[in-house]
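Undergrad: the sequence isn't on hand, but the structure is:
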């Protein structure tokens with residue numbers, strides 16, 4: 001099998017698994033929001049969010065680093081496997097001890113303390129699964145990882161629905177997470193042990209070397225998760241979990257729309273990683289910028305205009321008060337589409353330190369602004385900060401790419417999609433009280449697509465796009 005076909009096959013398997021998994025989580029989130037109420041859903045969302053602030057410490061950047069080393073030399077797998085497992089166990093134990101200690105002396109009720117501990121155990125299991133996933137993808141066993149990921153989400157959804165229908169508390173949902181996480185970790189680890197039989201052996205030298213090499217990746221994931229998840233934690237501390245539930249409902253809608261750029265990132269990664277054709281990588285970057293900009297702005301416009309309707313239909317009338325929050329998060333969604341691309345390009349170019357520097361800056365800014373704005377304006381302040389820091393991070397990362405020769409033409413590229421999205425938003429606004437949502441959304445997308453098509457927005461990139469899509473991935 002050629003390298004190109006191998007990349008395409010693995011990418012397809014991961015994409016399918018990712019989409020199915022995200023869809024299953026989204027539907028269990030809807031069920032939880034409707035059946036637990038705003039406060040119960042807030043407890044559930046807070047319990048899942050808090051351990052993510054410590055997630056990077058359970059991995060220390062070793063999952064990606066080990067996969068990189070094994071990709072270069074598969075003979076490294078036996079020696080790395082058990083050493084990385086041991087390091088992750090030590091750091092995971094310390095993280096769990098710290099979380100238990102902090103929660104024990106907090107003002108939270110005992111049920112929430114138990115929930116956070118269960119969510120922390122799931123995060124540890126997920127950290128191991130992420131390590132096993134990277135190995136399986138590297139050694140051409142991506143299909144097994146994709147299946148195990150779907151099985152995990154099926155267990156969460158199945159057990160979760162049963163518990164919710166029985167009237168159980170959010171604590172039982174987190175038990176489902178732990179069971180599902182354990183099953184996935186066992187499937188992935190058993191597969192590696194079955195195929196490669198790595199002997200149990202430990203080396204302090206290997207462990208210290210891996211920790212040293214993985215430190216930049218640890219910083220990247222720590223600050224990346226920190227600036228994304230700190231808002232929910234501070235919202236719970238400063239305003240209470242009812243606000244967390246409403247804010248998380250809006251955030252979940254945004255996260256669902258963000259599946260597209262994350263999937264696109266998997267597809268375009270091989271282009272950026274092949275350094276033999278810098279010119280082709282720059283063309284791919286420009287094409288991707290135009291595609292994600294044109295897609296992100298119309299989705300953001302629809303989220304902004306239809307925010308109240310979307311929340312009422314998906315979660316129920318109790319969550320309609322988050323309409324303004326969702327509208328503000330729609331701005332974040334637009335820039336999130338673009339930061340997926342710029343971050344990916346910098347990682348592919350081995351410029352992780354530039355990303356880390358930007359994440360540190362926006363992380364500190366997020367913490368400071370969230371502290372003041374959440375205290376005064378609640379979840380609306382959290383949404384405003386999320387949108388602002390996403391905007392700043394995009395322009396920072398795009399500037400770093402421009403310094404390396406990747407053109408940054410944001411404002412010239414924005415003109416046509418902006419005009420088309422404004423016209424589409426106006427159409428939606430005029431028709432939303434007369435046309436059912438299930439008809440209005442496809443109609444709006446068709447209207448916007450016609451505007452982009454007749455403006456010849458993508459005309460100059462069509463030949464390159466055909467080469468990229470057909471020759472590179474489907475030849």
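TA: Good, I have the coordinates. Bear in mind that the values here come from a model prediction, so they are computed numbers and not experimental data.

Undergrad: from here on, contacts and neighbour counts on C-alpha atoms
TA: Fine.

Undergrad: over to residue 432: give its phi and psi.
TA: With angles defined as degrees, to the nearest 10, residue 432 sits at phi -60, psi -30.

Undergrad: swap that for residue 105, please
TA: phi -100, psi 10.

Undergrad: domains of this protein?
TA: Following the assignment in automatic domain parsing, the chain carries domains at 1-202, 240-475.

Undergrad: flag the shaky bits of the stretch 201-350 of the chain, pLDDT-wise.
TA: Residue ranges of the stretch 201-350 of the chain with pLDDT under 70: 263-281, 348.

Undergrad: still on that earlier bit, just tell me which of the domains of the chain ends up closest to residue 223.
TA: domain 240-475 (5.6 Å; C-alpha to C-alpha).

Undergrad: what is the lengthiest helix in the chain packed up against?
TA: Ranked by number of residues, the top helix in the chain under DSSP state H is helix 3-49. Here helix 3-49 touches helix 110-138, helix 142-165, helix 170-196, helix 204-239, helix 241-257, helix 259-273, helix 307-315, going by 3 or more C-alpha pairs under 8 Å, 6 or more residues apart in numbering; DSSP states H and E.

Undergrad: adding mean neighbour count and distance to residue 407, write those out as a markdown table.
TA: What follows is the helices and strands packed on helix 3-49, written out as a markdown table (neighbours: other C-alpha atoms under 10 Å; distance: least, C-alpha to C-alpha, whole Å):
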| stretch | mean neighbour count | distance to residue 407 |
| --- | --- | --- |
| helix 110-138 | 23 | 32 |
| helix 142-165 | 20 | 34 |
| helix 170-196 | 20 | 41 |
| helix 204-239 | 19 | 24 |
| helix 241-257 | 23 | 27 |
| helix 259-273 | 18 | 14 |
| helix 307-315 | 19 | 34 |
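
Undergrad: which of these sits closest to residue 396?
TA: helix 204-239 (14.4 Å).

Undergrad: from what I see, residue 250 and residue 325 are in contact.
TA: Yes. With contact defined as C-alpha atoms under 8 Å, residue 250 and residue 325 form a contacting pair (6.9 Å).

Undergrad: who are the packing partners of the host helix or strand of residue 356?
TA: If you go by DSSP states H and E, residue 356 is part of helix 352-377. For helix 352-377, the packing partners by 3+ C-alpha pairs under 8 Å, 6+ apart come out as helix 204-239, helix 323-348, helix 379-403.

Undergrad: could you dump those to CSV with distance to residue 65?
TA: CSV is the format used below for the helices and strands packed on helix 352-377 (distance: least, C-alpha to C-alpha, whole Å):
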stretch, distance to residue 65
helix 204-239, 6
helix 323-348, 13
helix 379-403, 23
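
Undergrad: quick one: closest of those helices to residue 433.
TA: It's helix 323-348; of those, that one is closest to residue 433 (C-alpha to C-alpha) at 16.5 Å.

Undergrad: run the angle between the closest one and helix 352-377 for me.
TA: Here helix 323-348 runs at an angle of 170 degrees relative to helix 352-377 (axes from the mean of the first three to the mean of the last three C-alpha atoms, to 10 degrees).

Undergrad: centre of the chain to helix 323-348, how far?
TA: 11 Å (C-alpha atoms, centre = their mean, to the nearest Å).

Undergrad: hang on, the earlier thing: tell me the mean pLDDT for the longest helix of the chain?
TA: Computed over helix 3-49, the mean pLDDT rounds to 73.

Undergrad: and the angle from that helix to helix 142-165?
TA: 30 degrees.

Undergrad: report the distance from helix 3-49 to the chain centre.
TA: With C-alpha atoms, centre = their mean, you get 10 Å for helix 3-49.

Undergrad: what sits against the closest residue to residue 131 other than its chain neighbours?
TA: Of all residues not flanking residue 131 in the chain, residue 63 sits nearest, at 4.3 Å (C-alpha to C-alpha, 6 or more residues apart in numbering). Contact analysis of residue 63 by C-alpha atoms under 8 Å, 6 or more residues apart in numbering lists 130-132, 134.
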